[in-house]
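Sequence and computational prediction follow.
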Amino acid sequence: MDLPKPEPKNGEILVKIHVAGLNPVDYKVLTGGHNKWVYPFVPGLDGAGEVEAVGEEVTDFKIGDRVFYHGDHTKPGVFAEYAVTTALTAGKIPDGMDFAAAAALPCAGLTAYQALTRKVNTKHMNWVLIHGGAGGVGGFALQIAKNLGLNVITTCSKENESYVRSLGADEVIDYKSEDVTERVMTITKSLGVDFILNTVSKESAEEDLNRLAYNGHLISIVDLPDLTGFNPYRKAVSIHSLALGGAHSSKNDLQRKDLRVMAEELADLTVSGKVDPMISKVLPFSALKEGLRELTTRHARGKILVRIIP
């Protein structure tokens, strides 16, 4: 379908999209849509490309700058040649990074980065549990946790064990054949873990409550656990929600701009070799639906990308 080239408004930039990243949230929002969408609607949250035009009052970008960003799901997205985003939330791609690596970072990488560098203080932590270490969010979180000097336990299927160990996992639990709680307690000498990032389900998050150490933190990016019958004061645990894209609706420019700050910090870690963007495949634009279908299986490894401009 041919649509008119969008135009940037005040505080916005028009980006010529080279590569788009695929995320589970893409197919989830496509399933139900959004009451703010005006059809025909272009979805897609993670993009990397070149600035094609700048709106009024944009001073920190110029035409030709290489940028990447995590978009607002209520507005038209990156599964097209051109997309508009707010200049405040876009990051500049550093030298030494290509469009594919940049497009792999935003949604999954920034979710993990926000969890470990904004939500909790990891300074006095020892053991952490990251569910789904072979996936996008889990894989980034695993690497970021290792960069922070933490001991990392991750869950995955047996066939992904060597892969998550290559990303830095210290201990690997096969969630299909092992009792996760029992293994966690064995590894931590019955103390529990200081931090858990749950990427799986509400039910799994409820089981995580019994895996936390005193003063532990649980962050769930799916659903918060049901606390009926659980006394959080018994172990003084903290339970956090995480919604990366919620920053777009904030009225605070500093909070919105942190999407850029985090993106550029994570990009620097990637360029320096401390974080692998975990690109599993780069598909042609014609295979976009195929890539999204693969994500629905919940067994995709790393990041799947789509090249918009061949």
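Structure received.

Residues in a beta bridge with Trp127, which ones?
Note on Trp127: beta-bridge partners by DSSP bridges are Asn151.

shouldn't it be in contact with Leu150?
Yes: here Trp127 reaches Leu150: they are 7.4 Å apart, a contact under C-beta atoms under 8 Å. Bear in mind the C-beta positions are built from the backbone N, C-alpha and C, glycine included.

State the pLDDT value of the residue nearest to Lys158 when sequence neighbours are not counted.
Distance criterion C-beta to C-beta, 6 or more residues apart in numbering; nearest residue to Lys158, sequence neighbours excluded, is Asp174 at 4.9 Å. Note on Asp174: pLDDT of 97.

Asn10: how many residues sit nearby?
10 (other C-beta atoms under 10 Å).

Let me fix that, I meant to ask about Ser162.
Neighbours around Ser162, by other C-beta under 10 Å: 10.

so where is the stretch 51-200 of the chain shaky, pLDDT-wise?
By pLDDT under 70, the stretch 51-200 of the chain contains no weakly predicted segment.

Quick one: the strands in it, in order.
Secondary structure of the stretch 51-200 of the chain (DSSP state E, counting those that start in this stretch): strands located at 66-70, 82-86, 91-92, 127-130, 151-156, 171-174, 193-198.

Longest helix of this structure, counting residues only.
Secondary structure of the chain per DSSP state H: the longest helix is helix 253-271.

which helices and strands does that helix pack with?
strand 66-70, strand 91-92, helix 106-114 (3 or more C-beta pairs under 8 Å, 6 or more residues apart in numbering; DSSP states H and E).

tell me the centre residue of this structure?
Ala108 (1.6 Å; C-alpha atoms, centre = their mean).

surely that residue meets Leu142?
No: in this structure Ala108 lies outside contact range of Leu142 using C-beta under 8 Å: 11.6 Å.

Can you tell me how far Ala100 is from Ile304?
11 Å (C-beta to C-beta, to the nearest Å).

more neighbours, those two?
Ile304 (23 against 17).

where exactly do the helices run in the stretch 1-150 of the chain?
For the stretch 1-150 of the chain, applying DSSP state H, counting those that start in this stretch gives helices covering 24-32, 99-104, 106-114, 136-147.

Could I get those in CSV, plus columns for distance to Leu191?
Compiled in CSV, the helices of the stretch 1-150 of the chain are given as follows (distance: least, C-beta to C-beta, whole Å):
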stretch, distance to Leu191
helix 24-32, 32
helix 99-104, 35
helix 106-114, 24
helix 136-147, 17
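
so which of those comes closest to Arg260?
Set against Arg260 and scored by C-beta to C-beta, those come closest in helix 106-114, at 10.2 Å.

Using PDB, write out every CA atom in that closest one.
The C-alpha atoms that make up helix 106-114 are tabulated as PDB, following Å, rounded to 0.1, in the frame of the first residue of the first chain:
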ATOM      1  CA  PRO A 106      15.500  -0.300  21.500                       C
ATOM      2  CA  CYS A 107      12.500  -2.300  22.800                       C
ATOM      3  CA  ALA A 108      14.200  -5.400  24.200                       C
ATOM      4  CA  GLY A 109      17.600  -3.800  25.100                       C
ATOM      5  CA  LEU A 110      16.100  -0.700  26.700                       C
ATOM      6  CA  THR A 111      13.600  -2.700  28.700                       C
ATOM      7  CA  ALA A 112      16.500  -4.700  30.200                       C
ATOM      8  CA  TYR A 113      18.600  -1.600  30.600                       C
ATOM      9  CA  GLN A 114      15.800   0.300  32.400                       C
END
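
Thank you, goodbye.
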